[in-house]
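J.: Below: sequence and its predicted model.
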Amino acid sequence: MTNPEYHRNYIQQRYATDPEFRAQGHEGNNRYQRERYANDPEFRARCQRSIRNGQLKKQHGITLDQLEAQLAAQGGSCACCDKALGRIKRIRRTQGGNFGLVCTSCANLLKCIGQVSKRAQGFAARFEERGMTIQLRRLHEIMGACGWPPTQIEVASHPRDSKMI
């Protein structure tokens, strides 16, 4: 009965066939893990880091080490406005696969700019149709600042230039 192979086989067979034995094993393991998490700060830190790493991989496709390296490269500030980043960070990828960390307000602005770029032709046509040359000129300025080619519609001077419609 002292044969370790025999004992291991017995435990495996009992675990597979006896749900009560299996439940006791789970309960004991869970209790041990909870106590260790509560009393061992190093173990707790490892668990939290592992959980955060899994979340980042699932949501953004990056590891925690990559996130920390990028945060250090940016000096702990937003890639757009240089405001200090708090706890919540937004991750924006470029077409080359690189990424930057931006604050929530810049992330919202980037979403808006993306929507404008998708609908720029429609905006320009609507502004010209209604004689809204000031707004059309601003749209062209925004597109130029973002590096997008402006629409082919020329801005003509119109009597409504002095009005903000």
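T.: That came through, no problem. Residues are numbered from 1 along each chain as shown.
J.: helix or strand for the residue positioned nearest the centre of the chain, which one?
T.: When CA atoms, centre = their mean is applied to the chain, the residue found nearest the centroid is Ile91 (4.1 Å). Ile91 is part of strand 90-93 when elements are defined by DSSP states H and E.
J.: Distance from the chain centre to the helix or strand hosting Arg31, please.
T.: Take DSSP H and E as the rule and Arg31 turns out to sit in helix 19-39. The chain centroid and the centroid of helix 19-39 are separated by 34 Å, computed with CA atoms, centre = their mean, to the nearest Å.
J.: Can you list the helices and strands that that helix packs against?
T.: Counting contacts by 3 or more CB pairs under 8 Å, 6 or more residues apart in numbering; DSSP states H and E, the secondary-structure elements packed against helix 19-39 are helix 4-17, helix 41-60. C-beta here means a position set from N, CA and C on the backbone, and glycine is covered the same way.
J.: Could you identify the helix or strand that succeeds the last one?
T.: Downstream of helix 41-60, the next assigned helix or strand under DSSP H and E is helix 64-73.
J.: Return the list of strands paired to the strand holding Ile91, each annotated with direction.
T.: Within its sheet, and counting by DSSP bridges, strand 90-93 is paired with strand 99-102 (antiparallel).
J.: just to revisit the earlier point, give me the neighbour count for the nearest residue to the residue nearest to the centre of the chain once chain neighbours are set aside.
T.: When the adjacent residues along the chain are set aside, Ile91 lies closest to His60, with 4.8 Å between them (CB to CB, 6 or more residues apart in numbering). Counted by other CB atoms under 10 Å, the residues lying close to His60 total 16.
J.: Ok, Lys118 next?
T.: Count around Lys118 with other CB under 10 Å applied: 9.
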